[in-house]
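K.L.:
requesting a structural model of the entry that follows:
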Amino acid sequence: MLPPTRHLLLTLVAALALTPTLLASDAAAAVGWRPAGSLAVPRFDHTATALGDGTVLVAGGRQRTTSDPGTEASAELYDPATGAWSTVGPMASPRYGHTATLLDGPVCAGAMPPTWCGKVLVAGGTVAQPASAELYDPRTRSWSPTGPLITPRRTHTATALLADGKVLVAGGETPIGTPPSSLSSAELYDPTTGTWSVTEPLAEARAGHSAIRLPGPEGRALAAGGYRDDRSRNSIASAEVYNPATGFWSSAGSLTVARSDATATLLPDGRPLFAGGFGSQIGPRRSTEIYVEATPDDPWIDGGSMNVGRNWHTATVLPDGTTLVAGGGSSGLASTELYDAQTATWSMAAPLATARTRHTATLLGGPRCASSCGDVLVVGGRAGINPLASAELYGPLPPAPPASVPTAPTGPPGRVTDLSAKALSARRIRLSFSAPGSVGQGGPPANRYLIKQSRRPLTAATFSRARSLCKGGVCRLSPRAIGQRMTLTVNGLAADRRYHYALRAIDGAGNRGPLSNAVRARTRKDRIRPGRVKTLSARGLSRKVRLRFRAPASDQRKGPPVRRFVIKQSTRPIRGKRGFRRARSVCRKTCRLSPRRVGAKLTLTVTGLCTPGRYYYAIRAIDEGRNLGPTSKFRSVIVKRSGRARGSCRRR
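P.N.:
Here you go, the predicted structure:
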C-alpha cells in the first residue's frame with residue numbers, strides 16, 4: 001500500500017504557472033476538472049486517506065501561516081457515491097505536519113481479519129502533545145488514542161510495510177516550540193499491540209523527505225532527499241532503503257540533485273518516480289528522477305523535466321499508467337502535467353479551477369466510488385495566504401452539447417482568488433495574482449483588470465469609490481495562459497502607511513468578473529533623508545525677501561520631489577544644527593510647496609520685513625517620513641528702508 005501524500009511547512013518565493021487548456025479530439029472523451037463540493041472548514045497541510053469502502057477521510061491541517069497557525073482537530077468524509085461531504089468526530093489533538101496511514105495488508109483479506117484492519121493511524125504533528133497518535137475507526141466514525149511515539153516529531157514519513165500491518169515512521173523534525181532540528185530516528189508501530197518500538201536510525205538526519213514502499217513481498221521502504229534543518233533548509237540528496245527483515249537501513253545511492261518536499265509515486269513497472277521539490281538556493285525544481293534498483297552502482301536516472309518547477313504539489317498514478325502532477329509552489333499554481341513512463345515525456349494537462357498549494361490528491365476506488373472510479377480528488381490547500389475549502393475531481397467531463405446546437409461563450413470572467421500584496425520599499429508595493437479565464441475559468445485569459453487602491457478595507461460596497469491604479473481606470477496586462485502569475489508594482493506611495501487592494505477582471509465585451517479577495521500591505525518606514533537644497537539664493541526687495549531654490553529628491557537622489565521645507569531666518573549667520581535650531585521659522589512648522597518634479601524651481605517670498613538690515617536664510621527639506629535633510633548653505637540679503645511701514649511687521 002502506498003503512503004498518503006504529506007504536506008510540510010515552508011516559506012518560498014512565488015512561481016510562474018503556464019496552464020494551457022486541455023483539448024480533446026473527441027468531446028465525449030474530454031478529461032478535465034469539475035467541482036467536488038467544499039469542506040466545512042478551509043485548511044491546508046492536512047492529510048487525505050482513501051478508506052476501504054471508497055470514501056476519503058480528511059483530517060487536521062491549519063488555516064494560517066503565522067506563528068498562530070489555527071491548527072485544526074476537525075475531520076471530514078467525502079462520499080464519491082453522493083458527491084457530498086460530511087463531518088465526523090474530531091481528533092483529540094489539533095495537528096498539522098502529521099501523517100495518516102491506512103492499516104491494511106494481506107492478513108486483512110482473510111476470513112477473520114484483525115480488528116485493526118481498515119483503521120487510520122494518525123501520528124505526530126501536534127503542538128500540545130507532539131508525540132501523540134490516534135486511530136480512526138470507519139465503522140464508528142470516531143477516534144481513539146493509541147500508543148504515543150517514542151520521539152515527538154513532525155514533517156516525517158509513515159510507510160505501511162508488512163502483511164502484519166506494521167508502519168515505519170522515519171525522520172522528521174523536532175516539534176513546534178523547540179529549536180528546529182532534523183531527526184534520524186525511526187520507529188515501528190505494531191497495530192496488534194498499539195505500541196511503538198525503536199528500529200535502526202537513518203544514516204543521515206532528514207525532514208521534508210519522500211518515502212515509498214518498494215514492490216515485492218519484503219515490504220522494504222525507500223527514503224530519499226529532504227533537508228537538514230528548518231532554518232537553513234539545506235536540501236540533501238542521499239537515499240536509503242529499510243529492510244524490515246533485518247531492521248537495518250542500507251545506502252541507495254544519491255539523487256542526481258538535492259531536493260526536499262518532492263513527491264514519490266510508484267510507476268506501473270514498479271520503479272519509484274521522484275518529481276520536483278525544493279533545492280537550496282534554487283527554489284522549486286522542474287527535474288524528476290527514477291530509482292532503478294537493478295543498477296545499484298548508479299540507481300538514479302533522469303525522468304525528464306516538468307514544464308513548471310514546483311514543490312508542495314501532488315502526484316498521482318492514474319489507471320492508464322500516466323502520472324498526474326497538480327498545483328504546488330509557494331503561492332499556488334493552477335497548472336497540471338501528465339507523465340508518460342513509456343515515452344519518458346511530460347505534457348501540460350487541464351488546469352485546476354483554483355490555483356492551490358499544500359493540498360492533497362487521492363485516487364478514488366472501492367465500492368462507493370460509483371461513476372468516479374479512477375478519478376483524482378484534490379482537496380483544500382491555500383492560494384497565497386488564503387486557506388481553501390474547495391475540492392475538485394480530475395476525470396472524464398460530462399459530454400458536450402450536440403454539435404448542431406451552437407453555444408457561444410457567455411458569462412463574466414473568472415474570479416481572482418489569490419491576489420497578494422507585498423511592500424518592496426517605503427514607496428512601492430507589488431501586487432501579484434493568477435490570471436483567470438475571460439469566461440469563468442475557461443476561454444482565453446483575461447487581459448484587462450480594474451484594480452483599486454484605498455486606505456480603508458475594500459468591499460463590494462466600497463470598491464466603486466476607491467482609486468483606480470491605471471490611467472483610464474483599466475490596467476492592460478498580457479497573460480499567455482490561464483493561471484499565469486501576473487505582477488504589478490504600485491509606485492509613489494507614502495511611507496509607513498497601510499494600503500488596501502482588490503480587483504475585477506474585464507472581458508472583451510466589458511463584462512466585469514466577481515470581486516477578488518481583498519488584501520492589504522503597509523509600506524516600509526522611510527529611513528532615507530531627503531537631498532540637500534544646493535541652489536538657494538536670496539534677493540532683497542522693499543520690506544520683503546524673495547528666496548529661490550530647486551526641489552531636491554525625497555530619498556537623496558531618488559524618489560519624488562520634496563514638498564515640505566523648514567525655512568529659517570536670522571539676523572546672524574546660520575551655522576550648524578544649533579544655529580539652524582535657534583533661528584526663527586518663516587512658516588508655521590513647515591512650508592508646503594508643490595514641485596512637479598525633482599529639480600523644479602521654487603520661489604518663496606518672505607514679507608513684512610519692516611526693520612532694515614541684513615537677514616540670513618537656510619533651508620532643510622523634510623519628507624513624508626519626517627526625515628530632515630541636510631542644512632543648506634546660508635544666504636544673506638540686505639533689506640533697506642522704503643517708505644513708511646504699513647501692515648504687520650516681522651520681528652528681527
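K.L.:
low-confidence ranges, the stretch 201-350 of the chain, go.
P.N.:
For the stretch 201-350 of the chain, applying pLDDT under 70 flags the ranges 230-233.
K.L.:
give me phi/psi at Phe580?
P.N.:
Per-residue torsions, Phe580: phi -70, psi -40 (degrees, to the nearest 10).
K.L.:
actually, Ala109.
P.N.:
Dihedral angles for Ala109 - degrees, to the nearest 10 - are phi -90, psi 0.
K.L.:
again, but for Val198
P.N.:
Note on Val198: backbone dihedrals following degrees, to the nearest 10 are phi -80, psi 140.
K.L.:
the residue nearest to it when sequence neighbours are not counted pairs with what?
P.N.:
Using Cβ to Cβ, 6 or more residues apart in numbering and skipping residues adjacent in sequence, the residue nearest Val198 is Glu187, 5.5 Å away. Glycine gets a C-beta too; all of them are placed from N, C-alpha and C. Glu187 forms beta bridges with Val169, Val198, as assigned by DSSP bridges.
K.L.:
shouldn't Glu187 be in contact with Thr195?
P.N.:
No: using Cβ atoms under 8 Å, Glu187 is not in contact with Thr195; the gap is 9.9 Å.
K.L.:
more crowded one of those two?
P.N.:
Glu187 (20 against 14; other Cβ atoms under 10 Å).
K.L.:
what residues are up against the more buried one?
P.N.:
Going by Cβ atoms under 8 Å, 6 or more residues apart in numbering, Glu187 touches Leu149, Ile150, Thr151, Leu168, Val169, Trp196, Ser197, Val198, Thr199.
K.L.:
again, 7 Å this time
P.N.:
Glu187 makes contacts with Leu149, Ile150, Thr151, Val169, Trp196, Ser197, Val198, Thr199, as judged by Cβ atoms under 7 Å, 6 or more residues apart in numbering.
K.L.:
now do the buried residues in stretch 203-213.
P.N.:
Glu204, Ala205, Arg206, Ala207, Gly208, His209, Ser210, Ala211, Ile212, Arg213 (16 or more other Cβ atoms under 10 Å).
K.L.:
chain center to the lowest-mean-pLDDT helix or strand in the chain, what's the gap?
P.N.:
Sorting the helices and strands of the chain by mean pLDDT, DSSP states H and E puts strand 442-445 at the bottom, at a mean of 82. In this view, strand 442-445 has its centroid 24 Å away from the chain centroid, taken as Cα atoms, centre = their mean, to the nearest Å.
K.L.:
that strand pairs with which strands?
P.N.:
As assigned by DSSP bridges, strand 442-445 forms pairs with strand 437-439 (antiparallel).
K.L.:
which one is His313 nearest to, not counting chain neighbours?
P.N.:
Closest to His313 by Cβ to Cβ, 6+ apart is Gly328, at 2.9 Å.
K.L.:
return the residues in contact with the one you found.
P.N.:
Gly276, Arg310, Asn311, Trp312, His313, Thr357.
K.L.:
what's the end-to-end length of stretch 516-523?
P.N.:
22 Å (Cα to Cα, to the nearest Å).
K.L.:
could you list the low-pLDDT ranges of the protein?
P.N.:
Checking the chain against pLDDT under 70 turns up 1-29, 65-68, 163, 176-179, 230-233, 400-411, 441, 642-652.
K.L.:
returning to that earlier point: let's see which of the buried residues of stretch 203-213 end up in strands.
P.N.:
Ser210, Ala211, Ile212, Arg213 (DSSP state E).
K.L.:
give me the sheet partners of the one helix or strand Ser636 maps to and which way each runs.
P.N.:
Using DSSP states H and E, Ser636 maps to strand 635-639. Looking at strand 635-639 with DSSP bridges, its partner strands are strand 613-622 (antiparallel).
K.L.:
may I see the buried residues of the partner strand?
P.N.:
Of all the residues in strand 613-622, those buried under the rule 16+ other Cβ under 10 Å are Tyr615, Tyr616, Tyr617, Ala618, Ile619, Arg620, Ala621, Ile622.
K.L.:
for the stretch 201-350 of the chain, what spans make up the helices?
P.N.:
Here the stretch 201-350 of the chain has no helices by DSSP state H, counting those that start in this stretch.
K.L.:
all strands for it, in order.
P.N.:
Applying DSSP state E, counting those that start in this stretch to the stretch 201-350 of the chain gives strands spanning 210-213, 221-224, 238-243, 248-254, 263-266, 272-275, 278-279, 283-284, 287-291, 300-305, 314-317, 323-326, 336-340, 345-349.
K.L.:
out of those strands, nearest to Arg564?
P.N.:
strand 283-284 (42.9 Å; Cβ to Cβ).
K.L.:
got the contact list for the nearest residue to Val490 once chain neighbours are set aside?
P.N.:
Take Val490 and drop its neighbours on the chain: the residue closest to it by Cβ to Cβ, 6+ apart is Ile429, 4.8 Å away. Shown in contact with Ile429 (Cβ under 7 Å, 6+ apart): Ala421, Lys422, Ala423, Val490, Leu493, Tyr499, Ala521, Thr523.
K.L.:
relative to Leu536, which of those is nearest.
P.N.:
For the contacts of Ile429, the closest approach to Leu536 (Cβ to Cβ) belongs to Leu493, at 29.3 Å.
K.L.:
the closest one touches Arg430, doesn't it?
P.N.:
No: look at Leu493 against Arg430 with Cβ atoms under 7 Å: they stay out of range, at 11.4 Å.
K.L.:
out of the two, which sits in the more crowded spot?
P.N.:
For Leu493 versus Arg430, neighbours defined as other Cβ under 10 Å are more numerous around Leu493 (21 against 16).
K.L.:
so who does that one touch?
P.N.:
Going by Cβ under 7 Å, 6+ apart, Leu493 touches Arg427, Arg428, Ile429, Tyr499, Thr523.
K.L.:
is the last one in contact with Lys422, as I believe?
P.N.:
This means Thr523. No: counting by Cβ under 7 Å, Thr523 stays clear of Lys422, with 10.6 Å between them.
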